[in-house]
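**Q** Take a look and give me a structure for this.
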Amino acid sequence: MSRQNGHVYEFGDFRLNPTENLLLRDGEPVLLKPKVFQTLVILVEHHGRLVEKSELLEKVWEDAFVEEAAVSRCIWAIRNALGEDSKTSKYIQTVPKRGYRFVGAVTTSNGGERSEVVKVNGSDPQTTNGHVIPITRSGSYSASALALAAEPLRDSVLPFPSQLDANGTEQPKGFHPVLVAPVRRAYSPFVVAPLIGLVAIVAAVGIYLLYSPNQPVELSGPAKIAVLPLKPVNADQRESAMEFAIAESLILKISEAKSLDVKRLYAVRKFVDLDKDPIEAGRELAVDYVLASNYQIADSRIRVTSHLMNVRTGQAEKTFKTETDSGDLFKVQDTVSNEIGNSVFAAFGSPAGSYTARRGTKNEEAYGLYHEAVYLVDKLTRDDSSRAVELLDRATQLDPNFAAAWAFKAQAYCQFAHVGGGAPSEFFTVAEPTLEKALALDPNNSAAYMVRGTINSDYHWNFPEAYKDLKRSIELDPTSSHTRRILAWVYYRDERFEEAVEEQKIAIDLNPTNIMDKWVMGDFLFAAGRVDEGLAQLQRVTEIDPDFRFAYYSLWRSYNARGDTAKAYEYFIKNKQAGREPQAEIDRLRGIYETSGWAGIIRAELDLMRSRDQKGKYSTRKVYMVELAAQLGDKDAAFGYLEEAYQFRLIGLSHLKVDPLLAPLRNDARYTDLLARTGL
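**A** Okay, here's the model as predicted:
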């Protein structure tokens, strides 16, 4: 992006001057955060051309450690400033899964006379109601067994507890809010007088809050606090493994205070974006306080500055600082967690104490690799799961007695299968000996029992053993939302629907930002007979993230089970749009519905899946094909696909008793036989 070309751009009521870092609306300045302003400049400079997300990441964030959701947040802020939303697309057009195009009429000048007018009409054939589906950038990986097994992600059509990354479009409210020049209106004296009084009251309250002593909010129970991952003062110094390691030690240290309810690391890992507002993070996490920290490394020293921020007031109540040598990660962890942690204790009236991080290894490099891998596992993608296996391979080579690394390597293998990377018969069998190694080293490893419970439920279809493992995991760590979610799924598949709902409520409370937890709650409520609640929950998920396709998937299945085929069709199309299907395919489906109705749609979908499937070859879509054939009444085809699914021990078979789309098969002797063979 050239900031020195002297060009000034005009569009609508706006005048953009990149050289002066200035955006005006009707002559009034519009304040934008720096990254948001840079993004707008790039889009306007390339008006009429698609700007890929990767290009924006490269030009705006350069080498900073951020995800594509940061781009979506910038686009949201720009639209807010320009007075449009993702549906109107007056200025910015979204091209799903790819990027954005500035489509408004732009006049370019050199600060004086205008020289060019460009207007782009029409829309990209792949645009779907202005929505964009955020995806995660991922590099190549060298785990050849995983690479050979991988299929295209779009083929993974069946939702399971760990099948999607929850990252999505968010709506930030940063420290430097977007301020759009006000619209001038004339008001009568009858309106002005009350307004003046109201302004005076608001001003008095503001002055009180500004100058009164910063006192913590009096709470009826333990104060809820989130410790966010550290962020570098200089983005070039970013060391993600260290940031997570220090955050974890701070979390464990502060968790010792009975007066504090601290969110665990898995709940805060997503807030690594340098531009993320900690107060907004606190609101998403539903906490009272946030501990937001930054660090600076210079002359072999590291300085950490932490701000204790009141989420209700948006103010920093306390600031804590510590400094130590940067050469020893473990020493840095212990120093920061004790000094900052004890300062937090003092702020809440708790006594100081000494804390030593429980790491499970004495090898610094192995510990850093472990934390980087756990972050990748949390992202729930194939490439990230594969990369996590590589990192954990190195960690276990450096320290063969590192039990936690063995446990999470087993989890990464299982997750690769969950997201459609390969057959469970291949990867769960690799995970099992890895898992047993972890338990041999540490019989009280909570994560290991969680993974073993997953294998027992999803691969062996042994629910009684899965219950034992998962409940043991929860005994060892009651705060694991992941384990709670898996246990809820086992309850659901075992037709214990109300228990599934209750367990899922705990998972959501532990990690309020996880959209996948909110999504599966809708399915559980529906199965429990709380149909309206379930549908409302799924609708809320689409409002939180309009691009989260599996909420639409659940909605069309739910309405189909209810017999409302018109609604089923509506959400079937929305699922296709969110799944980046070409517009031509969506138009074809609409034509089929007009002539052949809902049955024609199911038939067309089954034909499409057949065209993508290979008989005798692994694919997650086989269970989906069973469902579609069952809905069409083609039992022979349905049971044929079921046999293939059984051959690969597909995870979807664990839903055999409860899948509503399989209802037409349940009075067939072949179904009873399959239940007996699976042990379900």
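**Q** So Arg101, which state does it fall into?
**A** strand (DSSP: H, G, I helix; E, B strand; the rest coil).
**Q** Ok, Glu543 next?
**A** Glu543 - assigned by three-state DSSP - is helix.
**Q** again, but for Leu24
**A** Going by three-state DSSP: Leu24 is strand.
**Q** What values do phi and psi take at the closest residue to it other than its chain neighbours?
**A** For Leu24, ignoring the flanking residues on the chain, the nearest one in space by C-beta to C-beta, 6 or more residues apart in numbering is Arg15 at 4.5 Å. (Glycine included, C-beta is placed from N, CA and C.) Note on Arg15: backbone dihedrals following degrees, to the nearest 10 are phi -130, psi 120.
**Q** quick one, what contacts Arg15?
**A** The contact partners of Arg15, by C-beta atoms under 8 Å, 6 or more residues apart in numbering, come to Val8, Tyr9, Leu23, Leu24, Arg25.
**Q** Run through the bridge partners of it.
**A** Glu10, Leu24 (DSSP bridges).
**Q** For Thr107, see how far away it is.
**A** 9 Å (C-beta to C-beta, to the nearest Å).
**Q** go on, Lys276?
**A** 35 Å.
**Q** same deal with Arg283?
**A** 40 Å.
**Q** Can you check my assumption that Ile225 lies in a helix?
**A** No - the assignment for Ile225, made by three-state DSSP, is strand rather than a helix.
**Q** Provide the count of other residues in contact range of it.
**A** 26 (other C-beta atoms under 10 Å).
**Q** wait, it sits on Arg264?
**A** No - contact criterion C-beta atoms under 8 Å: Ile225 and Arg264 do not qualify, at 11.6 Å.
**Q** picking up where we left off before, any residues in contact with both of Arg15 and Thr107?
**A** With C-beta under 8 Å, 6+ apart as the test, Arg15 and Thr107 both reach Tyr9.
**Q** Pass me the low-pLDDT residue ranges in the chain, would you?
**A** 1-5, 63-69, 85-88, 111-220, 355-357 (pLDDT under 70).
**Q** which helices and strands does the top helix by length along it pack with?
**A** Secondary structure assigned by DSSP state H gives helix 583-612 as the longest helix of the chain. Here helix 583-612 touches helix 565-578, helix 621-631, going by 3 or more C-beta pairs under 8 Å, 6 or more residues apart in numbering; DSSP states H and E.
**Q** Just the buried positions in that helix, please.
**A** 589, 592-593, 598, 600-606, 608-610 (16 or more other C-beta atoms under 10 Å).
**Q** from memory Ile340 sits against Phe320, does it?
**A** Yes - with contact defined as C-beta under 8 Å, Ile340 reaches Phe320; the gap is 5.0 Å.
**Q** list the residues that contact both of the two?
**A** Ser306.
**Q** Who has more neighbours out of these two?
**A** Taking other C-beta under 10 Å, Ile340 and Phe320 do not tie; Ile340 has more neighbours (25 against 20).
**Q** helix or strand right after whichever strand or helix holds that one?
**A** Using DSSP states H and E, Ile340 maps to helix 329-347. Sequence order places helix 364-378 as the next helix or strand after helix 329-347, per DSSP H and E.
**Q** what angle separates that next one from helix 329-347?
**A** Here helix 364-378 runs at an angle of 60 degrees relative to helix 329-347 (axes from the mean of the first three to the mean of the last three C-alpha atoms, to 10 degrees).
**Q** Show the secondary-structure elements that helix 364-378 is packed against.
**A** By 3+ C-beta pairs under 8 Å, 6+ apart, helix 364-378 packs against helix 240-254, helix 329-347, helix 382-398, helix 403-418.
**Q** make it 6 Å
**A** helix 240-254, helix 382-398, helix 403-418 (3 or more C-beta pairs under 6 Å, 6 or more residues apart in numbering; DSSP states H and E).
**Q** Pick the most deeply packed of the ones you listed.
**A** Ranked by mean neighbour count under mean count of other C-beta atoms under 10 Å, these are led by helix 403-418, which reaches a mean of 28.
**Q** helices and strands around the next helix or strand after it, which ones?
**A** For helix 403-418, the succeeding helix or strand toward the C-terminus, using DSSP H and E, is helix 424-441. Packing partners of helix 424-441 (3+ C-beta pairs under 6 Å, 6+ apart): helix 403-418, helix 446-458.
**Q** Now helix 424-441: buried residues?
**A** Buried residues in helix 424-441 (16+ other C-beta under 10 Å): 424, 426-428, 430-432, 434-435, 437-439, 441.
**Q** Now tabulate the residues you listed in JSON lines and tack on distance to Ala352.
**A** As requested, these are arranged in JSON lines below (distance: C-beta to C-beta, whole Å):
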{"residue": "Pro424", "distance to Ala352": "49"}
{"residue": "Glu426", "distance to Ala352": "52"}
{"residue": "Phe427", "distance to Ala352": "47"}
{"residue": "Phe428", "distance to Ala352": "46"}
{"residue": "Val430", "distance to Ala352": "46"}
{"residue": "Ala431", "distance to Ala352": "42"}
{"residue": "Glu432", "distance to Ala352": "45"}
{"residue": "Thr434", "distance to Ala352": "40"}
{"residue": "Leu435", "distance to Ala352": "39"}
{"residue": "Lys437", "distance to Ala352": "39"}
{"residue": "Ala438", "distance to Ala352": "34"}
{"residue": "Leu439", "distance to Ala352": "36"}
{"residue": "Leu441", "distance to Ala352": "33"}
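**Q** and which of the residues you listed is nearest to Tyr553?
**A** Nearest to Tyr553 among the buried residues of helix 424-441, counting by C-beta to C-beta, is Pro424 at 21.0 Å.
**Q** ok, the closest one - contacts?
**A** Shown in contact with Pro424 (C-beta atoms under 6 Å, 6 or more residues apart in numbering): Ala417, Tyr459, Arg649, Ile651.
**Q** and with 7 Å instead?
**A** The contact partners of Pro424, taken as C-beta atoms under 7 Å, 6 or more residues apart in numbering, are Ala417, Asp458, Tyr459, Phe648, Arg649, Leu650, Ile651.
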